[in-house]
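Chemist: Okay, structure incoming, though there's no sequence with it:
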Ligand code: NAD
Ligand code: GLY
């Protein structure tokens with residue numbers, strides 16, 4: 001097992017990464033009171049709930065909330081199911097919420113933990129590639145609104161993240177690929193040598209080679225932890241983690257939540273950000289081709305949906321959280337391995353990328 005720390009002073013927490021690592025010894029020290037609420041969904045619960053329950057200390061009163069599975073249920077209505085259950089089972093402010101599932105369960109449980117009785121203890125047990133490399137680390141929690149992705153939420157850090165990579169054995173291929181979009185993102189924004197490692201190892205990752213996956217998860221979490229430690233509330237460098245997301249969130253909202261997976265939308269969105277960076281002459285055609293090939297080898301889409309117009313994009317992108325004083329700031333690349341957040345790009349070139 002490998003351990004990383006997200007360094008946030010007295011709110012620092014560990015990320016444990018490894019194969020078959022769920023155990024009582026690992027989790028028990030992070031449960032504060034005597035009550036536990038596990039939140040999961042109806043796909044993950046038959047697969048891993050019993051294993052988790054078997055790892056919880058016997059002295060705890062454990063309740064479970066099972067949410068319906070899907071991005072389309074990541075909303076205030078379904079968030080309320082968690083609060084209903086917490087209140088029905090009389091959970092008090094010393095309770096511990098444990099998220100067992102992908103990013104949807106993690107984001108919703110985290111937001112419930114942030115707001116139930118003004119904040120309770122919270123543990124993340126992410127079960128997708130995407131949630132292990134991104135959503136479980138760094139404290140962004142929340143739900144969607146029909147007019148925009150992740151528009152309602154809070155920054156709220158967990159006390160512990162356990163990334164057990166053995167759960168990938170049941171993950172559908174499409175979900176594995178979607179998670180790799182966020183892994184590729186880390187190479188593009190932060191670490192050129194990791195990007196090159198991904199070029200060399202993408203086939204192993206797609207074939208679910210355990211060592212390759214463990215390294216990709218570790219390096220991604222390491223980068224995310226470094227970025228979050230520098231800029232927890234996204235006033236600077238953390239925005240880099242949103243490469244491709246302004247375009248991607250517009251795609252997800254336009255297509256109806258869940259129709260394009262988050263990672264798929266990020267992949268097509270990242271290609272749009274790279275094309276604009278290339279139009280600005282910050283990166284070369286060859287850089288764009290290398291990224292395109294990597295996304296293609298990861299079985300990810302590289303083009304936006306055909307039914308989206310420039311107008312659709314502009315309308316949906318105007319609610320992005322990076323809009324400042326009416327100006328849309330975008331995450332673009334200055335080189336492979338180095339991102340920038342800027343409003344200083346040609347609006348004409350943006351329109352041409354949106355219409356391409
Ligand atoms: P997801 O949570 O919908 O999980 C994908 C699918 O895989 C679901 O059907 C789920 O039930 C299933 N699943 C999960 N684990 C499984 C397993 N081990 N075996 C079999 N099936 C399994 O999607 P996701 O890609 O994990 O997360 C996407 C969400 O994360 C989006 O809502 C996105 O906005 C959010 N996100 C948040 C952050 C953040 O910083 N908080 C970062 C990136 C993405
Ligand atoms: N996934 C973007 C972030 O955590 O900031």
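Modeler: Yep, that arrived. Fair warning: this is a prediction, and the values are worked out from it, not measured in the lab. Ligands and ions are numbered 1, 2, ... in the order given.

Chemist: Could you tell me which residues of the stretch 151-300 of the chain lie near ligand 2?
Modeler: The stretch 151-300 of the chain comes close to ligand 2 at residues 238, 241, 242, as judged by C-beta under 6 Å from any ligand atom. Quick note: C-beta positions are derived from backbone N, CA and C, even for glycine.

Chemist: got a markdown table for these, with secondary structure and pLDDT too?
Modeler: A markdown table is the format used below for those (DSSP: H, G, I helix; E, B strand; the rest coil; pLDDT from 0 to 100):
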| residue | secondary structure | pLDDT |
| --- | --- | --- |
| 238 | helix | 97 |
| 241 | helix | 97 |
| 242 | helix | 96 |
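
Chemist: hmm, the strand or helix carrying residue 113 in reach of ligand 1?
Modeler: Assigned by DSSP states H and E, residue 113 belongs to helix 103-115. Yes: Helix 103-115 is in contact with ligand 1 by C-beta under 6 Å from any ligand atom, via 103, 104, 105, 107.

Chemist: Apart from its neighbours in sequence, what residue is nearest the second one?
Modeler: Pointing back at residue 104 there. Nearest non-adjacent residue to residue 104, counting by C-beta to C-beta, 6 or more residues apart in numbering: residue 74, 4.9 Å away.

Chemist: residues near the one you found, how many?
Modeler: 22 (other C-beta atoms under 10 Å).

Chemist: That one and residue 278, how far apart?
Modeler: Plainly put, residue 74 is 33 Å away from residue 278 if you go by C-beta to C-beta, to the nearest Å.

Chemist: can you check residue 162 too?
Modeler: 40 Å.

Chemist: ok, which residues in the stretch 1-150 of the chain are in contact with ligand 1?
Modeler: 41, 43-44, 47, 69, 71, 74, 101-105, 107, 127-128, 130-131, 134-135, 138, 140, 150.

Chemist: Those: which ones sit near ligand 2?
Modeler: Answer for those near ligand 2 (C-beta under 6 Å from any ligand atom): 134, 138, 140.

Chemist: Which one's more surrounded, residue 162 and residue 278?
Modeler: residue 162 (27 against 21).

Chemist: Quick one: list the elements packing against the helix or strand harbouring the more buried one.
Modeler: In this structure, residue 162 sits in strand 160-164 according to DSSP H and E. Other elements packing on strand 160-164 under the criterion 3 or more C-beta pairs under 8 Å, 6 or more residues apart in numbering; DSSP states H and E are strand 13-18, helix 24-27, strand 121-126, helix 210-230.
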